[in-house]
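Asks: what follows is a predicted structure for the sequence shown.
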Amino acid sequence: MRIRFTKEQQEFRQEVSAFLEAETPPERRTIYGEFSEEKYWFGRALARKLAGKGWLTVGWPKEYGGGGKTFIEQSILDEQIGYHRVQRVGLTGLNFAGPAIMKFGSEEQKSRFLPPIARGEVEYCQGFTEPNAGSDLASLEMQARRDGDSYVLNGSKMFTSYYAHADYIYLLARTDPHAPKHRGISLFIVEMSAPGVSTRPLPYINGEVAAQTFFDDVRAPASALVGEENRGWYHAMTTLDYERAGLERYARVRRAFDDFVDFCRGSHYDGKPLSHDPVVRRKLAILKVGYGGLGLALLEGGVDAEPRPGSQRGGVHSLSLRHTAEVEIRPRGHGDTRPTGDPHPPVRACPPPGSHRRSQQGEPAPARRGHHGDTPQHHRPAGLGTPPVAAYGLRLHPSPGDAETLGP
Ligand SMILES: Cc1cc2nc3c(=O)[nH]c(=O)nc-3n(C[C@H](O)[C@H](O)[C@H](O)COP(=O)(O)OP(=O)(O)OC[C@H]3O[C@@H](n4cnc5c(N)ncnc54)[C@H](O)[C@@H]3O)c2cc1C
């Protein structure tokens, strides 16, 4: 396949790049997983500015507040956000919930939910994984029982990223416990402020905090159901493919690589620029070929206007996560980056059967979650900062004056 950007698409890339360069001061940029509240709110304000220019959902149809362009323009925007290291916010709405509503939602749901996403005004989180349903997601146990004009939801969700700022949770729950497991699941959008929703923070090793999210007799209106009842599994699998294309992660890797090459040009080992060292050059070449191929595979996914059954996007997504870990995260050092005195113990809070409100340590039930009430404090990870090349086992003597170029 040959992929070539049109002149307009190239101009769009330059325009977005210039805008982000001007709008993002260095102290607001972030590497993957380096989370702070300040950067989050900066990203949120910037998302609204992007929305104001019609760019945040440039690939969505105009009738839903989008720019009416294609997936390629959307990917260019993602790529530039990634390359400029802007804290990305609103991803679940933009990449999963929005496309799911667009594809499977009613007209009422489309006009209610899509324009606020396109304006950058709302945040969604995703409620798929459960204590006993991860890779085997179709084993999920959360119940949604129809009761008159409502569904009554009971159960819990694990690893709810972005929960602290989320207005809605986009979730899967079992609506027919007697059907074969993939065929009794439905897709819902539920307000995080609904009575009966509560959260228990789960800190990630990188300093971000996700949650276990509990549902105790939560009443959601029948209109919260997205698509057909008991077809949620298939709806979710279709829309998960949207997450798996897009160039943001690729661009973050490319940026980390470019910085790393600069570092090698400006550093000496045994009196020679590091960029002349055959071991370093070989490692850089391997990384570049790897992420270059990833970029092409992601673009190929974007060129496919419609995700197809059996598409390679799942595999490409895994590759993109691997490259992010290899190039952007690993060189910065790994290990326990939680700050000293972290109040949240690093456990997977898998509760014993029948007592999903208690953790394994027997801690008390979590407080009911208010809209922004009991959000945890987010900490900047304390342990980051290993010099990049040290993680590859190389000794360095940086000397910033040297500016040798890295040959082809
Ligand atoms: C950073 C991060 C953010 C996340 N955010 C969210 C979120 O916002 N919302 C959400 O719903 N979920 C989220 N998740 C959860 C994620 O989707 C799950 O971690 C994933 O589905 C895997 O489930 P699990 O962690 O329970 O692992 P498990 O399913 O327990 O798997 C553990 C290991 O066993 C392997 N394994 C499992 N089954 C088999 C098998 N049959 N054969 C061979 N090997 C097997 C897996 O490959 C894996 O290596 C997040 C996860 C991470 C890491």
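Replies: Great, that's in hand.

Asks: which SS class is C125?
Replies: C125 carries the three-state label strand when classified by DSSP: H, G, I helix; E, B strand; the rest coil.

Asks: residues touching it, list them.
Replies: Residues near C125 by CB atoms under 8 Å, 6 or more residues apart in numbering: T92, T160, S161, Y162, Y163, A166, Y168, I169, Y170, M192, T213. Where C-beta positions appear, they are placed from N, C-alpha and C, glycine not excepted.

Asks: now it, nearest residue through space, not along the chain?
Replies: Spatial nearest neighbour of C125, chain neighbours left out: A166 (3.9 Å); criterion: CB to CB, 6 or more residues apart in numbering.

Asks: quick one: neighbours of E228, just the number.
Replies: A total of 12 residues lie near E228 under the criterion other CB atoms under 10 Å.

Asks: part of a helix, is it?
Replies: No: counting by three-state DSSP, E228 falls outside a helix, being coil.

Asks: roughly how far does it sit from L299?
Replies: From E228 over to L299 the distance is 32 Å, taken as CB to CB, to the nearest Å.

Asks: that older thread, in the contacts of C125, which residue is surrounded by the most others?
Replies: Highest neighbour count within the contacts of C125: T213, with 28 neighbours (other CB under 10 Å).

Asks: hmm, it is touching S161, no?
Replies: No: contact status for T213 versus S161: not in contact, 10.7 Å apart, counting by CB atoms under 8 Å.

Asks: and which of the contacts of C125 is nearest the ligand?
Replies: The ligand lies nearest to S161 out of the contacts of C125, by CB to the nearest ligand atom, at 3.5 Å.

Asks: SS state for the closest residue to the closest one other than its chain neighbours?
Replies: Among residues not flanking S161 along the chain, A210 sits closest, at 4.8 Å (CB to CB, 6+ apart). In three-state terms, and counting by three-state DSSP, A210 is strand.

Asks: residues contacting A210?
Replies: By CB under 8 Å, 6+ apart, A210 lies in contact with F159, T160, S161, Y162, Y163, P201, L202, P203, Y204.

Asks: output those residues as TSV; include the columns pLDDT, secondary structure and distance to K110.
Replies: Converted to TSV, those look like this (pLDDT from 0 to 100; DSSP: H, G, I helix; E, B strand; the rest coil; distance: CB to CB, whole Å):
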residue	pLDDT	secondary structure	distance to K110
F159	96	coil	28
T160	97	coil	25
S161	93	coil	25
Y162	93	coil	22
Y163	95	helix	25
P201	95	strand	33
L202	94	strand	33
P203	88	strand	36
Y204	81	coil	33
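
Asks: and the furthest pair within those residues?
Replies: Pairwise distances across these peak at 14.2 Å for Y162 and P203 (criterion: CB to CB).

Asks: confidence score at the most centrally placed residue in the chain?
Replies: Geometric centre of the chain, nearest residue: L91, 5.8 Å, by CA atoms, centre = their mean. On the pLDDT scale, L91 is placed at 88.

Asks: close to the ligand: what parts of the chain are there?
Replies: With CB under 6 Å from any ligand atom as the criterion, the chain comes near the ligand at residues C125, Q126, G127, F128, T129, G134, S135, K157, F159, T160, S161, Y204.

Asks: what's the nearest residue to the residue of the stretch 101-250 of the chain found nearest the ligand if we skip its chain neighbours?
Replies: Across the stretch 101-250 of the chain, the shortest distance to the ligand (CB to the nearest ligand atom) belongs to G134, at 1.9 Å. Ranked by CB to CB, 6+ apart and with sequence neighbours excluded, the top spatial neighbour of G134 is M158, at 7.5 Å.

Asks: F188 - that's part of a strand, no?
Replies: Yes: under the criterion used here (three-state DSSP), F188 sits inside a strand.

Asks: looking at it, it is touching P221, isn't it?
Replies: No: here F188 does not reach P221: they are 9.9 Å apart, not a contact under CB under 8 Å.

Asks: neighbour-wise, which of these two wins?
Replies: Neighbours around F188 and P221, counted as other CB under 10 Å, are more numerous at F188. The numbers are 25 against 13.

Asks: distance check, the more buried one against A173.
Replies: In this structure, F188 and A173 are separated by 6 Å, where distance is defined by CB to CB.

Asks: what do the two both touch?
Replies: Between them, F188 and A173 share these contacting residues under CB under 8 Å, 6+ apart: A144, Y151, L153, G232.

Asks: how about the last one, what does it touch?
Replies: This means G232. Contacts of G232 by CB under 8 Å, 6+ apart are L172, A173, T175, I185, S186, L187, F188, V226.

Asks: change it to 10 Å
Replies: In this structure, G232 makes contact with 100, 104, 140, 144, 171-175, 182-188, 225-226, judged by CB atoms under 10 Å, 6 or more residues apart in numbering.

Asks: assign a three-state SS to V280, would you?
Replies: Under the three-state scheme (three-state DSSP), the conformation of V280 reads as helix.

Asks: swap in H268?
Replies: Using three-state DSSP, the secondary structure recorded for H268 is strand.

Asks: does it really touch L274, like I thought?
Replies: Yes: checked against CB atoms under 10 Å, the pair H268 and L274 is within contact range at 6.6 Å.

Asks: look at the two and report which has more neighbours.
Replies: Per other CB under 10 Å, whichever of H268 and L274 has more neighbours is L274, with 27 against 18.

Asks: most distant residue from the centre of the protein?
Replies: In terms of distance from the mean C-alpha position of the chain, G271 ranks first, at 42.5 Å (CA atoms, centre = their mean).
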